[in-house]
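Asker: turn this into a model:
(one chain, ligands or ions: 1)
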Amino acid sequence: MKHLHFEEIPSTQTIAIEEAHHYDQLLVSAKRQTSARGRRHNKWEDLQHSLCFSCKLEAQEKPTLLALEVAVMLSNYFNEHKLLLKWPNDIFNEESQKIMGILVNKDDDNYIVGIGINYGGLPHETYGVLKPEKELSDIDFKELPLEIYHYFLNNRLTEEEIINQWNERCYHLNKEVKIIDEDSVIEGIFKGIGSFGEALIEVQGKIEKAYTGSLIIK
Ligand code: BTN
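Answerer: This is a model prediction of the structure:
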């Protein structure tokens, strides 16, 4: 396993994508990112005591499950906190604040998972933090991502476990939601995820499926 750690780089995701074909198992972590990437071309804001890392993971037979599996594994890893999952791949605290974001990129046959965790420091106006007031040391910035990556490698989930555990921890199960994609909007009741990780939305008594998009809880 290769672990590359940096004091400051533009994005761990960019480096991990470039390096992925050299290693079967790769972790890239940094203390700070200057140009972090978010989902759907959004930027990700690195807070002072947040963790940021990117790692290579083998995809499931259904690659669309990978981001959901990582969300479930993170909620298992941090099981002393009650973390809630928002479709497709955000993690919230009980105060309805986002505290982790997950991004998956595919390059050739390599899957790179980028994770941002608002770990410590002061709560932000819009984001929560996992352990308020906790200050991360230089060693933490390097060692915590390594511990989490080892946890991932040793605790992969089956398809059934991903779907069941994801649905159990869903933040908006049976709530009214709106899923907005490039050229479609689905509004209805969120009924969980299907076998590909797609959102199942009940609209006038029928189930509609959304494979991509942003979810708004109404
Ligand atoms: C999201 O939009 O919610 C996903 C955010 C993912 C951010 C992480 S931080 C580590 C890795 N490097 C990046 O540039 N982005 C991801």
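Asker: need the three-state assignment for Pro145.
Answerer: Following DSSP: H, G, I helix; E, B strand; the rest coil, the label given to Pro145 is helix.
Asker: which ones are touching it?
Answerer: Going by CB atoms under 8 Å, 6 or more residues apart in numbering, Pro145 touches 27, 29, 51, 53, 55. The C-beta positions use only the backbone N, C-alpha and C, and glycine is treated the same way.
Asker: check Ile117 too.
Answerer: 50-52, 74, 99-100, 130.
Asker: close to the ligand: what parts of this protein are there?
Answerer: Contacts of the chain with the ligand, taken as CB under 6 Å from any ligand atom, map to 11-13, 33, 36-39, 42, 44, 52-54, 90, 101-103, 114-116.
Asker: go with 8 Å
Answerer: Where the chain comes near the ligand, counting by CB under 8 Å from any ligand atom, the residues are 10-14, 16, 30, 33, 35-40, 42, 44, 46, 52-54, 89-90, 98, 100-103, 114-116.
Asker: buried sites along stretch 167-181?
Answerer: By neighbour count on 16 or more other CB atoms under 10 Å, the buried set for stretch 167-181 is 169-173, 177-179.
Asker: quick one on the thing from earlier: out of the contacts of Ile117, which are inside strands?
Answerer: Here DSSP state E is the test, and the contacts of Ile117 give 51-52, 99-100 as lying in strands.
Asker: and which of those residues is nearest the ligand?
Answerer: Checking the ones in strands among the contacts of Ile117 against the ligand with CB to the nearest ligand atom, the nearest one is Cys52 at 3.7 Å.
Asker: what about that closest one, how many neighbours?
Answerer: 26 (other CB atoms under 10 Å).
Asker: nearest residue to the residue nearest the centre of the chain other than its sequence neighbours?
Answerer: The residue lying closest to the centre of the chain (CA atoms, centre = their mean) is Ile102, at 2.4 Å. Distance criterion CB to CB, 6 or more residues apart in numbering; nearest residue to Ile102, sequence neighbours excluded, is Asn89 at 4.2 Å.
Asker: wait, what's in contact with that neighbour?
Answerer: The contact partners of Asn89, by CB under 8 Å, 6+ apart, come to 39, 67-68, 70-71, 101-104.
Asker: return the member of the contacts of Pro145 nearest to the ligand.
Answerer: Out of the contacts of Pro145, the member with the shortest distance to the ligand (by CB to the nearest ligand atom) is Phe53, at 5.8 Å.
Asker: wait, that closest one touches Gln33, no?
Answerer: No. Taking contacts as CB atoms under 8 Å, Phe53 lies outside contact range of Gln33: 9.9 Å.
Asker: can you report how many residues lie near the residue lying closest to Gly38 once chain neighbours are set aside?
Answerer: Residue nearest to Gly38 in three dimensions, not counting chain neighbours: Trp44, with 4.0 Å by CB to CB, 6+ apart. For Trp44, the count of nearby residues is 19 (other CB under 10 Å).
Asker: switch the buried residues of stretch 167-181 over to JSON lines; also include pLDDT and secondary structure.
Answerer: As requested, the buried residues of stretch 167-181 are arranged in JSON lines below (pLDDT from 0 to 100; DSSP: H, G, I helix; E, B strand; the rest coil):
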{"residue": "Arg169", "pLDDT": "97", "secondary structure": "coil"}
{"residue": "Cys170", "pLDDT": "97", "secondary structure": "strand"}
{"residue": "Tyr171", "pLDDT": "93", "secondary structure": "coil"}
{"residue": "His172", "pLDDT": "96", "secondary structure": "coil"}
{"residue": "Leu173", "pLDDT": "97", "secondary structure": "coil"}
{"residue": "Val177", "pLDDT": "97", "secondary structure": "strand"}
{"residue": "Lys178", "pLDDT": "97", "secondary structure": "strand"}
{"residue": "Ile179", "pLDDT": "97", "secondary structure": "strand"}
